[in-house]
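> Based on what follows, work out the 3D shape:
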Amino acid sequence: MRLAPLVLLPLTALAACATPLEQCLSNATGDLRALDRRIDVTERNIARGYRIVEVSDIERTRTQCVEFDDDGEPYTRSCTETTRIRREEPVAIDATEERRRLSELRAQVSQAQARADAGVQACRATYPAG
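Alright, predicted model coming up:
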């Protein structure tokens with residue numbers, strides 16, 4: 001996909017603008033944020049009764065393409081254009097399994113919080129404000 005590098009450029013630029021302290025804090029709390037996102041998604045799945053997955057489809061359409069012959073004269077020909085379409089699709093869940101998974105995720109929060117707190121303290125000691 002050609003747009004991916006273009007989309008990532010602003011994000012890379014933003015990350016480069018972060019101070020060393022901000023980068024350190026982001027790294028220190030990353031696992032906790034990821035765990036919080038997983039808990040949130042699992043809670044929403046249970047509330048809905050299904051999970052949402054992203055599915056990619058390929059759509060091909062016939063169109064007319066303009067090309068040029070050796071003399072530079074334009075001509076049209078039939079061609080096929082391929083487009084990748086992303087859509088969300090509901091998928092059934094086992095609610096009992098999702099509740100078990102949610103319980104396991106919640107059990108990990110205190111350890112992840114302790115690691116994040118220690119990381120934040122280390123960051124603040126390494127990169128004091130001011």
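
> use CA for all of it now, contacts and neighbours both
Will do.

> Please enumerate the helices of this structure.
Assigned by DSSP state H, the chain shows helices spanning 3-17, 20-48, 95-126.

> Dump those helices to CSV, plus distance to Phe68.
Output for the helices of the chain, formatted as CSV (distance: least, CA to CA, whole Å):
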stretch, distance to Phe68
helix 3-17, 28
helix 20-48, 52
helix 95-126, 59
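
> Asp57: which of those helices is closest?
When those are compared by CA to CA, helix 3-17 sits nearest Asp57, at 17.7 Å.

> Can you give me the domain assignment for the protein?
Under automatic domain parsing, the residue ranges defining each domain of the chain are 19-49+93-130, 52-92.

> And for the chain, the residue most distant from the center?
The C-alpha centroid of the chain is most remote from Asp71, which lies 48.6 Å away (CA atoms, centre = their mean).

> out of the domains of the chain, deepest packed?
domain 19-49+93-130 (a mean of 15; mean count of other CA atoms under 10 Å).
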